[in-house]
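# I would like the atomic coordinates for the input below:
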Amino acid sequence: MRSLTDKEVIKHVGNVRNFRTWWEEILAQVELVVDDLFEFIRGAQEINLDFSELPFTVTEFCTLLGFPDYLAERAAGDAEANATSPFEIDMWTLHSGATYALTHFFQGKGTFLDQYVRIVSDMLFNPEGTIERVEQAYEEQLQADSDGGSQASLAGERALASIERVSDDLQEKVDQFEEREDALRERF
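Residues are numbered from 1 along each chain as shown. Model (predicted):
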């Protein structure tokens, strides 16, 4: 099984081994990976981003992650359509929307696809890193847009504080995600 097991060569004649035991071991490995993946998904479903309190829309969130506008719009549209609330969207739904956009609408070359797949994977496996990436991109955007006005500066500080609150709330779940990720890596 690709990426889960070592390559196995099957003899077609002569002393052919019993592969039943080998397959049972492989399927047991797959079952453990499925359990780990389920826990990641469940954990991501518990991390909700309230976009009514964040200084950007779902589309802008995806753009801040590094997606081009056309993919950000598709990812956000799918996430919003599948969310239980248009304002509060969990990381699993955001991940699912981004995956949908990449699967159905990506128009670039493979190197960019690999980069976007890593971003999407981080949404599920490293939500804290995803929030930090968005926060950093938003802060850089504020600095680039800043003309030195105190009103804009104050609004920017409030916006960054709201992102920081999300990051602080997420900190509780970080240890869980890291433990699950370590367990998943050990299986491979």
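
# Next one: the spatially most central residue of the chain from Q29, what distance?
What sits nearest the mean C-alpha location of the chain, by C-alpha atoms, centre = their mean, is M123, with 1.5 Å. Separation of M123 from Q29 (C-beta to C-beta, to the nearest Å) stands at 25 Å. Where you see a C-beta, it was placed from the backbone N, CA and C, and this is true even at glycine.

# Also F51?
For F51 relative to Q29 (C-beta to C-beta), the value is 39 Å.

# Kindly report the same for I163.
Relative to Q29, I163 is positioned 39 Å away (C-beta to C-beta).

# So for these two, which residue has more residues nearby?
Here I163 and Q29 are compared on neighbour count by other C-beta atoms under 10 Å; more neighbours surround I163, at 22 against 15.

# Could you list the low-confidence segments of the protein?
Counting by pLDDT under 70, the ranges of the chain that qualify are 1-19, 147-156, 158, 166-188.

# Show me where it has its helices.
Secondary structure of the chain (DSSP state H): helices at 20-45, 58-65, 69-82, 91-105, 110-125, 127-145, 150-187.

# Name the residues of stretch 96-112 that are buried.
For stretch 96-112, burial by neighbour count (16 or more other C-beta atoms under 10 Å) applies to 96-102, 106.
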